[in-house]
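> Show me how the following folds:
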Amino acid sequence: MREKYYLFCQTRKRPAQIVDVGPTPLRPLDQEGFVWPTIDEIGRLQAFHNAPAGAALGDDDLWRICNLIWIPTEESEMILRRLIIAYCGHHGRRGIRVMENHIHQLFSTSGLGGLVRAFCSKCLLCLHVKGGKVIPRPFSEEHYIF
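Next up is the predicted model:
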């Protein structure tokens with residue numbers, strides 16, 4: 001007959017440590033530190049950079065490419081704020097293509113597709129992940145019938 005051995009492990013219970021982290025904001029647009037970009041701020045940022053070829057100075061003293069306001073690629077904070085607004089606005093979290101089209105209606109930034117894709121790939125609310133590589137999926141009509 002086989003003998004069964006059971007291993008019992010003694011553990012010391014430690015009192016639970018309660019850490020008050022406070023509520024996390026559900027909407028980044030409502031955070032205290034979030035600053036809405038203004039036309040004047042965009043003009044100041046454009047002044048620090050050389051306008052690309054094909055850009056024209058508009059009536060509002062902003063550089064425009066094909067009648068779209070040019071945002072310099074080096075201004076990562078301004079681009080990030082634009083991405084947050086396009087992603088988390090009243091229409092929020094509709095996917096990569098919609099977000100890219102929404103930004104491209106008003107602004108011109110080189111490499112916008114890659115920036116939007118990198119931004120959206122970090123959102124855990126939008127992606128359905130089953131291990132391995134994270135692949136952003138476009139929403140279909142099924143996702144809107146809740």
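
> Quick check: next helix or strand after the helix or strand containing Val98?
In this assignment (DSSP states H and E), Val98 forms part of helix 96-104. Note on helix 96-104: by DSSP H and E, the next helix or strand toward the C-terminus is strand 107-108.

> ok, and for the helix or strand just after that following strand, which residues are buried?
Per DSSP H and E, the first helix or strand lying C-terminal to strand 107-108 is helix 112-120. Judged by neighbour count using 16 or more other C-beta atoms under 10 Å, the buried positions of helix 112-120 are Leu112, Leu115, Val116, Phe119, Cys120. All C-beta spots, glycine's among them, are computed from the backbone N, C-alpha and C.

> Reformat the residues you listed as TSV; add pLDDT and distance to Val35.
Listed next are the buried residues of helix 112-120 as TSV, based on pLDDT from 0 to 100; distance: C-beta to C-beta, whole Å:
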residue	pLDDT	distance to Val35
Leu112	90	21
Leu115	90	20
Val116	88	21
Phe119	85	18
Cys120	81	22
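
> Just put the residues you listed in TSV and tack on distance to Asn50.
Formatted as TSV, the buried residues of helix 112-120 follow (distance: C-beta to C-beta, whole Å):
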residue	distance to Asn50
Leu112	19
Leu115	20
Val116	24
Phe119	26
Cys120	30
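
> By residue count, tell me the biggest helix in the chain.
Ranked by residue count, the top helix of the chain under DSSP state H comes out as helix 76-88.

> Show me what it is packed up against.
Contacts defined by 3 or more C-beta pairs under 8 Å, 6 or more residues apart in numbering; DSSP states H and E place helix 76-88 against helix 39-47, helix 96-104, helix 112-120.
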